[in-house]
Structure formats: structure tokens, C-alpha cells
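Asker: Show me how the following folds:
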Amino acid sequence: EGKSDHPINFSSSSSYCRFINSAVIGWNLGGGDTRLITIKGSHNEVGHCVLRKKNTSGMMLEVVRESSARNDHHIHHVYFGYFKDPGSGNGFETVRISTSGQSLSGSYTTLENCVFVRCDGESEILSSKRGFNTYRNNTFLNSDGALTLRHGHDCLVEGNFFINTIGKPTDRCNGVRVIGERQVVRNNYFLNLPTGSQAIQVEYGNEVPHELTQYDQVKDALIENNTVYNCDKGIRLGASRNTSQTPPKVMPPYGIFRNNLMVSTRGTNYSFEVE
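Answerer: Purely as a prediction, here's the structure:
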């Protein structure tokens, strides 16, 4: 049990620093907002670590950007496990790459070869809120949420595994949510995502002008060479349309969709849906 709500912190002036071969387990502070690892600065590295058993608000790992300068952080071979929301709602992302204020610039952060097990904090397991990030060769196992390209453009989601083996009952156990411009989602594998869930969800955007905190239209997306097996809703092009928002969320996605394999012998929803 730790005494700090920010136990590992890379400062704004840090660069080329490493946090490796370490574990942070059960670091919970009475329900307060606790961030296990905060990365500022540039060219910093977190690798070969274990972050496990968290049930307070705040991220297991966050990248904080204080300007539009690129970060070039490298996060790799990290086990994220057993992150539970006790019922308070938003603010329980396992990993968050910045916030909406700098979403129009590029972070150039890479997160690869990580494992997420029972990360049930909220609907966004990994929340990407900056451009030019890479999410490669990660495994999301029995985790109740999604890898979400929430803000920012030009990200790559490649070679990841989204697997459900325990039949979780909620419909937020999704794969990838796509929002923004020139996002690439390719060579990912989705297995047994439960009833009501979606392997790949490509969303509508708000009409412009809109606030940075709202939803950019999906433009020039590339969705290719993904495998979706026994997932209830499979791939959905056009999701979360909402005419009652201000401005309305009615801008349809467009891009290239090719060479995706969808196979299902279970579920009650469409394997492929265009709305």
C-alpha cells in the first residue's frame, strides 16, 4: 500500500529515462485519484514491468503532454492486470495517452508487446488522445472495454489480439473504436467478444465546428486484413449516430475497407453492419 497518489513520475524536463523490470501491485489510496506511472518529457521508456490490482480512479499509466512538441515515448512488455472500477464511472482508463487539449498535434508514442488482463476500469481500456501513435502486438484478454482512438489523427493499430474466454456479460467488452482522420487498423485478431460487443466500431463525427472534446469525423481510414471470429457484432461502419447532440453527431465515416475476414457461428447480431 503506497503513500503517494503519483508514485512514479517522469518530470517535464526528463528525457531518455527508463523505468524497467519493476512491479507496482495493490497501490490503492482509499478511493482517491491515483496515477501509478506518469510520463512527461520526451523519449522516455517503460518496459518489462507489472502493474496489477488497482481499484481507484486514475490511470495505471498516463502520458501527459504540456505542449504540442512530440514525445517519442516507448512503452513495451508491460503487464496491466486486474483494474476494477468500483462504480464511479469515468476516469478509470488503464492507459491514457494525453487529453483533448493537445489532440491536434502528434505524440509519436509507441505502446507494444503489452498484455491487458481483466482491465475492467471503464469503456476505454486504452484511450488515445493524440496523433501519430502506434499500438502494436498487444493482447487484451477478458478485459471489459476497448482500445479507443478518441482524439488525434494518423494512429496505427496493428497486430493486436482481443480475446474473451469467460463470456463476460457486458456490451462494452469491445475491440477497437475508430474516431478521427487517417487511422489505420490492420492485422488484428478478435475472438469470442460477447453479446452486444463490437470488434471494430467506426463512429460518426460531430458537425463542424465543434469542441475538441467532441468527436471528429472519420476520414481516410484504412481498415484491412483483420480477422473477426465468433464476435457478436463483428465490424460496424457507422456507429453512435446522435442527432440530439449540439452540434449533431451525423458526419459519416469514410475510407478504405478491404481484405477483412469475418466468421461466426454464434451471436444474434450482424457480423458486418453499415449504418
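Asker: Who are the packing partners of the lowest-mean-pLDDT helix or strand in the chain?
Answerer: Scoring the helices and strands of the chain by mean pLDDT, DSSP states H and E places strand 272-274 at the bottom, with a mean of 89. Counting contacts by 3 or more C-beta pairs under 8 Å, 6 or more residues apart in numbering; DSSP states H and E, strand 272-274 is packed against strand 235-239. Placement of C-beta: from N, CA and C, glycine included.
Asker: if we can go back for a sec, what are the pairing partners of the least confident helix or strand of the chain, and which direction each?
Answerer: strand 235-239 (parallel) (DSSP bridges).
Asker: Against which helices or strands is whatever helix or strand comes next after the partner strand packed?
Answerer: The C-terminal neighbour of strand 235-239 among helices and strands, as given by DSSP states H and E, is strand 249-251. Using 3+ C-beta pairs under 8 Å, 6+ apart, the elements in contact with strand 249-251 are strand 205-206.
Asker: Contacts for the strand it packs on, please.
Answerer: 179, 214-218, 245, 247-249, 251, 253 (C-beta atoms under 8 Å, 6 or more residues apart in numbering).
Asker: so what strands line up beside that strand?
Answerer: In the sheet, strand 205-206 lines up with strand 249-251 (antiparallel) (DSSP bridges).
Asker: for the partner strand, the distance to its chain's centre please.
Answerer: Distance, stretch centre to chain centre, for strand 249-251: 22 Å (C-alpha atoms, centre = their mean, to the nearest Å).
Asker: ok, residues contacting stretch 268-275?
Answerer: Counting by C-beta under 8 Å, 6+ apart, 195-196, 228, 231-239, 241, 262-264 sit against stretch 268-275.
Asker: ok so, going back, quick one: buried ones out of the contacts of strand 205-206?
Answerer: The neighbour-count criterion (16 or more other C-beta atoms under 10 Å) marks 179, 214-218, 245, 249, 251, 253 among the contacts of strand 205-206 as buried.
Asker: Which ones among those residues map onto helices?
Answerer: The members of those all map outside helices under DSSP state H.
Asker: follow-up on the earlier one: quick one: the contacts of strand 205-206 as CSV, columns for distance to V95 and pLDDT too.
Answerer: Listed next are the contacts of strand 205-206 as CSV, based on distance: C-beta to C-beta, whole Å; pLDDT from 0 to 100:
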residue, distance to V95, pLDDT
I179, 17, 98
Q214, 22, 96
Y215, 20, 97
D216, 21, 97
Q217, 25, 98
V218, 22, 98
Q245, 27, 95
P247, 30, 97
P248, 31, 98
K249, 25, 98
M251, 28, 98
P253, 24, 97
